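Undergrad: kindly return the folded structure for what I paste below:
(chains A and B)
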Amino acid sequence: MSELNRYQNPEIFEKLAMSYAAGTLHGRARRRFEALKEQHFYLEATTNAYESQFGSLVELLPNEKPSDQVWKNIESSIMADISESEPKAEKRQWFSWFKQSYAFALMALLVATLVVINPFSEIEEAVAYSVVFESEDKTPMAITRITQDDLSVSVDIVKDIPVDDGSVLKLWCRLKKGGKAMMMGTISKTGRTVLKIDEKEWDNLKAVGMLEITSESAKTSASPMTKKTILLGQLNPITR
Amino acid sequence: MDTPMEDNFAELLQRCSRQDQQAFKQLYQEASPKLYSLALRLMQKPELAEDVLQEAFIKIWQKADSYNVQKGKALTWMATVTRNKALDKLRSLKLKYAETDIQYEGLDFASDDLEPEHQEDLSQEMQRLRECLKQLQPAQRECILLSYYYGHTHQELSEKLNKPLGTVKAWIRRGLETLKPCLS
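TA: Next up, the predicted model:
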């Protein structure tokens, strides 16, 4: 099995991600994992999830006070950073002006205009999404990546999914606010399926919380009565 | 439910992303004692820990706009930044645990018998993690916590705990296997 394939196996990469986040992966193995993490978004997403969980351990530590010189060094460093950055200074002035303004309607109009046309807007947008689909017993079974550059949804089935021969797998999305699931397409029971989406569908992903894969009879139309959810995964935005 | 402090960190980070220096100063004042404590344990020397803290906060300032709640809680995000800075520095210095004058060691702060008032300060995530860690055998838990807080390698743990390397590796592997379903 090639190194890439090894790292695409959720059973392996999830253990490595967990070990990395807990700090038990060392030396060359840690460096190799870091290099792969940079290349493969699902490794990054899984590692971030575990780092977030283990990061809570910092709460148990006693407080220790650093010397005052540390803040002085940080302050002088960020001041130099700010003075080198003209657009950021401009943005700060805008923000100060906003804070003082009581003309609410005018502010709303300006904000709306800035959101639409401001080329310096730093509102963070997802450039991709990842999903690790898990079975009921929390076993990772499939990986999905949704990328903006080619507007595609790529679903990789990484473990055999026990379904009847006469059934088909379908990919659905669920909105964060709830409601009925919406179908995204039919996917293969093995290997990779690539579905295309349009710009509007890409934008709509902001409101999606979960994806699910259902199994249903190929002969019946999709309805809540005939489909069975077999895999679920949370949609994780990837930002630059 | 988030602790009031945690809400505050996320809000301060959001203001930092808009280049609000007052917010950054407040964030430093409130979060640096925990993050410095983490850096001290990993680096073992105050001067190195302060270097790490400084680099971490500069990165936090520069990357504040990349933080969002989906990346986890603000303090844990900052802890990850600090920890990764410390590990990078240890790597670049090729500093070994055995070569330093140990000033910070032990896991008393992470013992199970926290005072009730201290427990109330913990986030829901930390309380959940503590419950998961309680499922581990003491040796498994000790190895994982020493790895996290002190960055010890398997070999260093083997020497510190005076146990065979294979035993330490097995404790860690089984500990993580036990934690996985609990954390999922």
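
Undergrad: which parts of chain A are strands?
TA: Using DSSP state E, the strands of chain A run over residues A:126-134, A:140-147, A:152-157, A:167-175, A:182-187, A:191-196, A:208-217, A:228-234, A:236-239.

Undergrad: tell me the pLDDT at the residue nearest to residue B:58 when sequence neighbours are not counted?
TA: Among residues not flanking residue B:58 along the chain, residue A:77 sits closest, at 5.4 Å (Cβ to Cβ, 6 or more residues apart in numbering or on different chains). All C-beta atoms are positioned from the backbone trio N, CA, C, and that covers glycine. According to the prediction, residue A:77 has pLDDT 87.

Undergrad: hang on, the earlier thing: turn the strands of chain A into TSV, columns for distance to residue A:44, mean pLDDT and mean neighbour count.
TA: Listed next are these as TSV, based on distance: least, Cβ to Cβ, whole Å; pLDDT from 0 to 100; neighbours: other Cβ atoms under 10 Å in any protein chain shown:
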stretch	distance to residue A:44	mean pLDDT	mean neighbour count
strand A:126-134	8	84	21
strand A:140-147	11	84	22
strand A:152-157	16	86	19
strand A:167-175	22	86	19
strand A:182-187	23	84	16
strand A:191-196	20	82	14
strand A:208-217	18	86	19
strand A:228-234	15	86	18
strand A:236-239	7	78	18
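
Undergrad: which of those strands sits closest to chain B?
TA: Relative to chain B, the nearest member of these by Cβ to the nearest Cβ is strand A:236-239, separated by 6.2 Å.

Undergrad: please name the strands paired to that closest one in the sheet, noting orientation.
TA: strand A:126-134 (antiparallel) (DSSP bridges).

Undergrad: tilt between the strand it pairs with and strand A:140-147?
TA: With axes from the mean of the first three to the mean of the last three Cα atoms, to 10 degrees as the basis, strand A:126-134 and strand A:140-147 are set at 170 degrees to each other.

Undergrad: strand A:126-134 vs strand A:167-175, what angle?
TA: Using the same axes, to 10 degrees: strand A:126-134 against strand A:167-175 is 130 degrees.

Undergrad: ok now strand A:126-134, how far from the chain's centre?
TA: 5 Å (Cα atoms, centre = their mean, to the nearest Å).

Undergrad: any idea of the angle that strand forms with strand A:208-217?
TA: 50 degrees.

Undergrad: chain neighbours aside, what residue packs nearest to residue B:133?
TA: residue B:141 (5.4 Å).

Undergrad: helix or strand for that neighbour, just tell me which one.
TA: Per DSSP states H and E, residue B:141 falls inside helix B:138-150.

Undergrad: residue A:51 contacts residue B:81, correct?
TA: No. Contact criterion Cβ atoms under 8 Å: residue A:51 and residue B:81 do not qualify, at 9.9 Å.

Undergrad: low-confidence bits of chain A, can you list those?
TA: In the predicted model, chain A carries pLDDT under 70 at residues A:1-8, A:10, A:81-124, A:218-226, A:240.

Undergrad: next: chain B.
TA: Looking at chain B by pLDDT under 70, you get B:1-7, B:71, B:94-120.

Undergrad: so where do the strands sit in it?
TA: Using DSSP E, strands in chain B do not occur.

Undergrad: higher neighbour count, residue A:51 and residue B:81?
TA: residue A:51 (24 against 20; other Cβ atoms under 10 Å in any protein chain shown).

Undergrad: list the residues that contact that one.
TA: For residue A:51, the contacting residues are A:20-21, B:72, B:76, B:80, by Cβ atoms under 8 Å, 6 or more residues apart in numbering or on different chains.

Undergrad: now do residue A:133
TA: A:140-144, A:211-213, A:231-233.

Undergrad: from the residues you listed, which are also near chain B?
TA: Among these, proximity to chain B is found for none (Cβ under 8 Å from any Cβ of the partner chain).

Undergrad: of all those, which comes closest to residue A:172?
TA: residue A:212 (5.0 Å; Cβ to Cβ).

Undergrad: residues in a beta bridge with the closest one, which ones?
TA: Bridge pairing for residue A:212 - DSSP bridges - gives residue A:172, residue A:232.
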